[in-house]
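*Asks:* when you get a sec, could you give me coordinates for this:
(one chain, ligands or ions: 1)
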Amino acid sequence: MATPSLQPENVETSPGKKPLPELLPARMLNEFVYCPRLFYYEWVEGVFRGSADTADGSARHRRVDGEPGAFAPAPQLAEAGIKARSIELSSDRLKLFARLDLVESADGGAGVEVTPVDYKRGRPADADGMPAAWPADRAQIAAQVLLLRDNGYACREGVLYYAATKQRVTVPVDAALEAEIASLLEQARTAAAGPLPPPLEDSPKCPRCSLVGICLPDETSALHALELSHAGAGRQLALFAEPAEPGRPVRQLVSARDDLRPLYLNSQGMRVGKSGQVIQVREKDALVQEARLGEISQVNVFGNVQVSTQAIQEFCRTNVPVCYFSHSAWFYGITTGLSSRNVLLRRRQFHTADNSALALELARALVAGKIRNQRTLLQRNHIAPPPEALLQMKRLADEALLAPSQASLLGIEGAAAATYFQHFPGMLKPEDDFDAGASAGAGLRFDFRGRNRRPPRDPVNALLSLAYSMLTKDLTVVCQALGFDPYWGYYHQPRFSRPALALDLMEPFRPLIADSAVLSAVNTRMVTADDFVQSGPAVALTEKGRKGFLHAYELRMGSLVTHPDLDYRVSYRRLLEIQARLLIRYLDGELMTYPPFVTR
Ligand code: SF4
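*Replies:* Residues are numbered from 1 along each chain as shown. Predicted coordinates:
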């Protein structure tokens, strides 16, 4: 199962596609035959993401390519038994280019003939018990044969070497195969000039595809089918509709959880350095934490924590974002590597934002999703779920879907928030001895009386502010990694230093991740009243309290949830990425609507 990390992508996307190089690499012909969508991602959009398969393949190719040999031009090649590696050839006739792993020369009877040998990591196909070439490999090696011929060499066939079984498969290139390759080249060029091809349907190729986490083949097909099944109900997916008729199950082709973990540096005076591939955290010269670079997804720095230049350089090189917060957890910046070249995705993002009707449609979906999720949280966690409030929130969620303007949507969201936070205290369930603990400490209590901020004036508001700050940061990281501009949104209007798109995408997740983490921290006593300090009207968490809350937040991010439309379980952290990718699907035009995440 693919475990894509949130590594930035090199993506250049339509519309207004960049001009492509005239020569098509033969490797891309292989990708086209494997899957036209994969070809389009890699060749047209410049997306590449390594997988275990591609890493292994690259290593094999490096070993082969590492020993260059001499190879005379065709007219002077008179010697059999020569092996030459890493030969670059092109053909203006075919508008084709290739780097050949290996070319061998042999006596062909009527003169010296050459044979290209291409190395493949896997196994050959099976043809009645005999090893055979896979169609994509067959096209690639045939293209190499044609390149050799166009450069004057006598070449009848190519050889595929499958490393997994150590078997060679010979591919003779006759007139029929030559015509087939010419036709495939034509089809590939036509595909490159068009839109992104649709995903393969239920294909066994997808689980092994390195781009499966970007492509989301089954997810895109399933959501598109769901849209078609709701076509009679209008463009917008109904939030309270009955579940759709079960279609083909969506295969879970990406891992449920991220294998990497975030690093939180919370204690003042900490110093972060690098030793080899290990990040070391020291406090007063004592080594307090070590983490291997390949295990860290992001670094979060609170207040006065020093990170060495060497560590920053390594984080940039490996695309690990470093997120900075003030001592009171105000999120104010990220350091990333030279990551996003996804300029055309951003253009589509801006283009849609400039279309007020489309922007409103997206905003409606996000706000309605948030209200629905707030309502579900109340339903699930309130000590005595208030029927009138739940009814009102259902009405407001429906109204949000039909809001005639951004201003009216703001009003609906505000009314729902007022109802929700009015009943928020009913979800706080401190233990009986909790109040005693509270009065023994700073005299603070978890008696929430409404949302306040800048500064938060009670412990629950301090926790909510920290939770929203963390979630804003996480969605900003997701937006940047995928190539969005986090500062240009559809609901939140652009304002200096405000990551509007991250805030947009965050709306449905505020109750499910941030509020839920706060409830969990309070109700399970991961944070107690002693974990707060008061300074004037402001209430803030101590270092210990913040550590306790961040633990609750990470537990929530790592917990699994069933996606209602895709019907598989993923962590909330993975879900943030999936939802952002579904926004790309919407901007690409593959989905008619943006489906906000609405928990059942
Ligand atoms: S995941 Fe499947 S549909 Fe998508 S690019 Fe890969 S092979 Fe093609």
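
*Asks:* next secondary structure after the biggest strand by length in the chain?
*Replies:* The strand that spans the most residues within the chain, counting by DSSP state E, is strand 96-107. Going down the chain from strand 96-107, the next helix or strand is strand 112-120, by DSSP states H and E.

*Asks:* other residues contacting the helix or strand following that following strand?
*Replies:* Per DSSP H and E, the first helix or strand lying C-terminal to strand 112-120 is strand 125-127. For strand 125-127, the surrounding residues in contact (C-beta atoms under 8 Å, 6 or more residues apart in numbering) are 131-134. (Each C-beta comes from the backbone N, C-alpha and C, glycine too.)

*Asks:* point out where the stretch 451-600 of the chain drops to low pLDDT.
*Replies:* Applying pLDDT under 70 to the stretch 451-600 of the chain picks out no residues at all.

*Asks:* now name the helix or strand holding the residue nearest to Val33 when sequence neighbours are not counted.
*Replies:* In this structure, Val33 finds its nearest non-sequential neighbour in Ala136, 4.0 Å apart by C-beta to C-beta, 6 or more residues apart in numbering. Using DSSP H and E, Ala136 sits within helix 135-150.

*Asks:* centre of the chain to that helix, how far?
*Replies:* Distance of helix 135-150 from the chain centroid (C-alpha atoms, centre = their mean, to the nearest Å) equals 34 Å.

*Asks:* quick one on the thing from earlier: give the buried subset of the contacts of strand 125-127 as a PyMOL selection command.
*Replies:* Buried subset of the contacts of strand 125-127, written as a PyMOL selection, criterion 16 or more other C-beta atoms under 10 Å:
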select buried, resi 132+133+134
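
*Asks:* got the contacts of strand 125-127 as a markdown table, with distance to the ligand columns?
*Replies:* Shown next, in a markdown table, are the contacts of strand 125-127 (distance: C-beta to the nearest ligand atom, whole Å):
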| residue | distance to the ligand |
| --- | --- |
| Pro131 | 23 |
| Ala132 | 21 |
| Ala133 | 19 |
| Trp134 | 13 |
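
*Asks:* I figured the residue nearest to Val33 hits Asn30, correct?
*Replies:* Yes - using C-beta atoms under 8 Å, Ala136 is in contact with Asn30, at 4.5 Å.

*Asks:* between these two, who's got more neighbours?
*Replies:* Asn30 (22 against 19; other C-beta atoms under 10 Å).

*Asks:* identify the residue spatially nearest to the more buried one, adjacent ones excluded.
*Replies:* Closest to Asn30 by C-beta to C-beta, 6+ apart is Gln140, at 3.9 Å.

*Asks:* how many other residues sit next to the one you found?
*Replies:* That count, for Gln140 with other C-beta under 10 Å as the rule, works out to 29.

*Asks:* which residues sit in contact with it?
*Replies:* 26-27, 29-30, 33, 118.

*Asks:* include distance to Asp150 when you put these into JSON lines, please.
*Replies:* As requested, the contacts of Gln140 are exported to JSON lines (distance: C-beta to C-beta, whole Å):
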{"residue": "Ala26", "distance to Asp150": "12"}
{"residue": "Arg27", "distance to Asp150": "17"}
{"residue": "Leu29", "distance to Asp150": "15"}
{"residue": "Asn30", "distance to Asp150": "19"}
{"residue": "Val33", "distance to Asp150": "20"}
{"residue": "Asp118", "distance to Asp150": "17"}
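
*Asks:* neighbours of Asp167, how many?
*Replies:* I think there's a mix-up here, since residue 167 is Gln and not Asp. Neighbours of Gln167 under the rule other C-beta under 10 Å: 13.

*Asks:* same question for Asp259.
*Replies:* Asp259, neighbours per other C-beta under 10 Å, totals 10.

*Asks:* near the ligand, which residues of the stretch 351-500 of the chain?
*Replies:* Taking C-beta under 6 Å from any ligand atom as the criterion, the ligand has no neighbours within the stretch 351-500 of the chain.

*Asks:* in the stretch 351-500 of the chain, which residue sits closest to the ligand?
*Replies:* Leu482 (16.2 Å; C-beta to the nearest ligand atom).

*Asks:* for Pro75, give me the pLDDT.
*Replies:* Among the per-residue scores, Pro75 holds a pLDDT of 64.

*Asks:* related to what we said a few turns ago, residues contacting the residue nearest to Val33?
*Replies:* By C-beta under 8 Å, 6+ apart, the contact list for Ala136 reads 30-31, 33-34.

*Asks:* returning to that earlier point: widest-spaced pair of the contacts of Gln140?
*Replies:* Spatial extent of these (C-beta to C-beta) is set by the pair Val33 and Asp118 at 13.8 Å.

*Asks:* the residue in the stretch 301-450 of the chain positioned nearest to the ligand: neighbouring residues, count only.
*Replies:* Using C-beta to the nearest ligand atom, Leu345 is the residue of the stretch 301-450 of the chain that sits closest to the ligand, at 16.9 Å. When neighbours are counted by other C-beta under 10 Å, Leu345 registers 23.

*Asks:* just Ala179 next, same as before
*Replies:* For Ala179, the neighbour count with other C-beta under 10 Å is 10.

*Asks:* how far does stretch 118-134 sit from the chain's center?
*Replies:* 33 Å.

*Asks:* the ligand contacts on the stretch 51-200 of the chain?
*Replies:* Residues of the stretch 51-200 of the chain lying close to the ligand by C-beta under 6 Å from any ligand atom are 199-200.

*Asks:* give me the element Ile87 is part of.
*Replies:* In this structure, Ile87 is located in strand 83-91 according to DSSP H and E.

*Asks:* quick check: can you list the domain ranges of this protein?
*Replies:* The record's domain split for the chain, according to the TED database, is 24-55+81-206, 261-335, 343-430+445-588.

*Asks:* distance across the shortest one, terminal residue to terminal residue?
*Replies:* When you say that, I think you mean domain 261-335. With C-alpha to C-alpha, to the nearest Å as the measure, the first residue of domain 261-335 is 17 Å from its last.

*Asks:* again, but for the longest one
*Replies:* Using C-alpha to C-alpha, one end of domain 343-430+445-588 lies 14 Å from the other.

*Asks:* related to what we said a few turns ago, please say which of Val33 and Asp118 ends up with more neighbours.
*Replies:* More crowded of Val33 and Asp118, by other C-beta under 10 Å: Asp118, with 24 against 20.

*Asks:* was I right about the more buried one contacting Ala143?
*Replies:* No - at 10.0 Å, Asp118 and Ala143 do not qualify as touching, with contact defined as C-beta under 8 Å.

*Asks:* next up, the contacts around Tyr324.
*Replies:* With C-beta under 8 Å, 6+ apart, Tyr324 has these contacts: 301, 331-335.

*Asks:* cutoff 7 Å now
*Replies:* Residues near Tyr324 by C-beta atoms under 7 Å, 6 or more residues apart in numbering: 301, 332-333.

*Asks:* give me the buried subset of the residues you listed.
*Replies:* Val301.

*Asks:* among the contacts of Tyr324, which are in strands?
*Replies:* Reading strands off these with DSSP E, I get 301, 332-333.

*Asks:* where's the dip in pLDDT among those residues?
*Replies:* Across those, the smallest pLDDT goes to Tyr332, namely 79.

*Asks:* could you look up the SS state of the closest residue to it other than its chain neighbours?
*Replies:* Closest residue to Tyr332 apart from its sequence neighbours, by C-beta to C-beta, 6+ apart: Tyr324 at 5.8 Å. Following DSSP: H, G, I helix; E, B strand; the rest coil, the label given to Tyr324 is strand.
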